[in-house]
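*Asks:* With the input below, show me the fold.
(one chain, ligands or ions: 2)
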Amino acid sequence: MVTTTIPHPQNTPIQSVLIVGNYCHDVLLQGGAVFAETLGGAASFISNVFTALSVSFHLTSKVGFDFKYPVNHEPIVIPSSKTSVFHAYFDQGHTENAHQDRVLKRVEVCDPINPSDLPDKRFGFGMAVGVGGEILPETLEKMVETCDAVFVDIQALIRAFDKNDGTVKLVRLKESGFYHLLPRVKFLKASSEEALFMDVEEVRQWCCVVVTHGKDGCEVYWKDGEMKIEPFGANQVDPTGAGDSFLGGFVGGLVHGLVVPDAALVGNLFGSLTVGQIGLPKFDLRLLQRIKDEVQRRKLHSTCWFESGDDLISFTKPAGHDEFRASLASSKLVSRSPGSVEQVTGQPKLLVGSVYDKPN
Ligand SMILES: Nc1ncnc2c1ncn2[C@@H]1O[C@H](COP(=O)(O)OP(=O)(O)O)[C@@H](O)[C@H]1O
Ligand SMILES: O=P([O-])([O-])O[C@@H]1[C@@H](O)[C@H](O)[C@@H](O)[C@H](O)[C@@H]1O
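*Replies:* Ligands and ions are numbered 1, 2, ... in the order given. Coordinates of the predicted model:
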């Protein structure tokens with residue numbers, strides 16, 4: 001079995017998670033018209049998945065006086081600031097330096113998250129998941145000091161914003177001001193577009209790199225190997241938040257004691273559930289119960305991170321991985337009925353009936 005020396009947090013069975021990143025308002029546009037307004041930000045998509053998976057967490061997030069969505073985990077409200085707002089344009093085609101299927105513009109920006117905004121306590125897991133440049137190098141530094149295992153979404157590190165219209169551009173990870181911290185980070189997640197802005201071969205020597213590939217699932221790279229994790233099918237109507245929900249499912253799976261390949265399947269599952277809906281997804285309660293049951297069953301049958309007691313995480317697909325995938329896939333088949341749907345935070349507001357269909 002291939003293993004690597006990632007210590008498991010504090011040898012305690014139940015892990016607490018710190019999520020750091022601002023909520024935002026998302027406005028989705030197509031053909032010059034707004035078709036939906038929703039709560040956004042990686043923090044909101046990840047909280048949604050954690051609540052679905054019964055993972056408890058602390059969230060540090062900032063919004064302005066105009067924040068308009070009810071949420072279960074209250075953000076810090078900055079009275080002198082507006083909430084960050086992103087406009088997502090789905091019909092401007094491919095650009096060299098941005099997400100392939102949408103052009104994002106940050107049109108309002110809330111305050112950054114400073115080290116002093118973080119709670120003064122230790123966490124098993126920390127997640128640096130900014131969307132609008134709100135995570136500062138010193139904030140990530142405090143996270144690596146106070147969290148046993150830090151997970152970073154590369155978008156928190158490499159986004160730059162056009163001075164005139166806020167268009168999101170990407171800068172190379174090496175020039176981001178965060179590079180020196182990577183040896184202290186445990187997992188770095190990037191979409192395939194974002195991965196072009198880093199040297200995967202170099203970074204995987206320091207931390208595990210997870211690259212997501214949309215409908216094709218994801219790939220995990222670590223020092224001594226790599227593996228592809230199969231996707232789940234989906235009827236995509238809105239790609240927003242797929243990567244965030246993937247990360248929520250992945251970390252949620254690890255928190256529940258799954259090994260990396262199995263947790264990445266849970267990530268793929270939540271990514272696929274997210275693209276099937278506009279904005280923050282609602283999850284069918286029976287589907288969630290099936291997923292949680294499968295995760296518990298799987299945990300009992302694999303050598304789990306927290307219970308192995310040897311401080312090692314296995315990156316090899318354990319026996320039964322394909323069966324676990326099949327059982328998760330079949331859990332998607334449970335039918336939806338009125339009253340069985342859960343959504344933990346803000347509802348999207350649909351302004352016109354049509355939805356965006358991502359070209360594959
Ligand atoms: N069309 C799709 N069908 C099935 N799964 C998808 C689809 N799009 C995304 N996913 C899932 O969500 C994950 C993240 O999506 P991706 O588009 O790579 O991220 P991002 O939203 O950051 O660009 C993928 O690895 C995959 O598991
Ligand atoms: O779609 P995805 O890349 O996973 O994540 C998205 C961010 O890129 C975007 O800035 C934000 O406005 C969305 O709400 C969502 O968080």
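*Asks:* which residues touch Glu145?
*Replies:* If you count contacts by Cβ atoms under 8 Å, 6 or more residues apart in numbering, Glu145 has none. Just so you know, the C-beta spots here come from the backbone N, C-alpha and C atoms, and that holds for glycine as well.
*Asks:* And it, how close does it get to ligand 2?
*Replies:* For Glu145, the distance to ligand 2 (Cβ to the nearest ligand atom, to the nearest Å) stands at 26 Å.
*Asks:* A helix includes that residue, no?
*Replies:* Yes. Checked against DSSP: H, G, I helix; E, B strand; the rest coil, Glu145 lies within a helix.
*Asks:* ok, Phe86 - contacts?
*Replies:* Taking Cβ under 8 Å, 6+ apart, we find Phe86 in contact with Cys24, His25, Asp26, Val27, Gly40, Leu104, Lys105, Arg106, Val107, Val131, Gly132, Val168.
*Asks:* What is the nearest of those to Leu269?
*Replies:* The shortest gap between Leu269 and any of these belongs to Gly40, at 21.0 Å (Cβ to Cβ).
*Asks:* still on that earlier bit, could the contacts of Phe86 go into TSV alongside secondary structure?
*Replies:* Converted to TSV, the contacts of Phe86 look like this (three-state DSSP):
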residue	secondary structure
Cys24	strand
His25	strand
Asp26	strand
Val27	strand
Gly40	strand
Leu104	strand
Lys105	strand
Arg106	strand
Val107	strand
Val131	coil
Gly132	coil
Val168	strand
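*Asks:* average pLDDT across stretch 175-184?
*Replies:* The average pLDDT within stretch 175-184 is 97.
*Asks:* For Gln117, grab phi and psi.
*Replies:* To be clear, residue 117 is Asp; Gln isn't right here. Reported as degrees, to the nearest 10, the phi and psi values for Asp117 are phi -80, psi -20.
*Asks:* Disregarding residues adjacent in the polypeptide, which is nearest to it?
*Replies:* Excluding its sequence neighbours, the residue lying closest to Asp117 (Cβ to Cβ, 6 or more residues apart in numbering) is Thr60, at 5.7 Å.
*Asks:* If I follow the layout properly, that neighbour ends up in contact with Lys121?
*Replies:* No. Counting by Cβ atoms under 8 Å, Thr60 sits too far from Lys121 to count as a contact (11.8 Å).
*Asks:* Looking only at neighbour counts, state which of the two leads.
*Replies:* Between Thr60 and Lys121, Thr60 has the larger neighbour count (other Cβ atoms under 10 Å), namely 21 against 9.
*Asks:* Contacts only, for the more buried one.
*Replies:* Applying Cβ under 8 Å, 6+ apart, we find Thr60 in contact with Leu18, Ile19, Val20, Ile76, Ile113, Asp117, Leu118, Pro119.
*Asks:* how about a cut-off of 6 Å?
*Replies:* With contacts defined as Cβ atoms under 6 Å, 6 or more residues apart in numbering, Thr60 is in contact with Val20, Asp117, Leu118.
*Asks:* That one pairs with what?
*Replies:* With DSSP bridges as the criterion, Thr60 is bridged to Val20.
*Asks:* I'd like the C-alpha coordinates of stretch 103-120 written as CSV, please.
*Replies:* Extracted C-alpha coordinates of stretch 103-120, given in CSV (Å, rounded to 0.1, in the frame of the first residue of the first chain):
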residue,chain,number,x,y,z
VAL,A,103,-16.1,35.1,-17.8
LEU,A,104,-16.2,36.3,-14.2
LYS,A,105,-16.1,39.9,-13.1
ARG,A,106,-15.8,41.1,-9.5
VAL,A,107,-17.9,44.2,-9.4
GLU,A,108,-17.9,44.8,-5.7
VAL,A,109,-15.3,43.8,-3.1
CYS,A,110,-15.7,43.3,0.6
ASP,A,111,-12.8,43.7,3.1
PRO,A,112,-10.0,41.1,3.3
ILE,A,113,-9.9,38.5,6.1
ASN,A,114,-7.0,39.4,8.5
PRO,A,115,-5.2,36.9,10.8
SER,A,116,-6.9,38.7,13.7
ASP,A,117,-10.4,37.8,12.3
LEU,A,118,-9.6,34.1,12.7
PRO,A,119,-10.6,32.3,15.9
ASP,A,120,-7.9,31.8,18.6
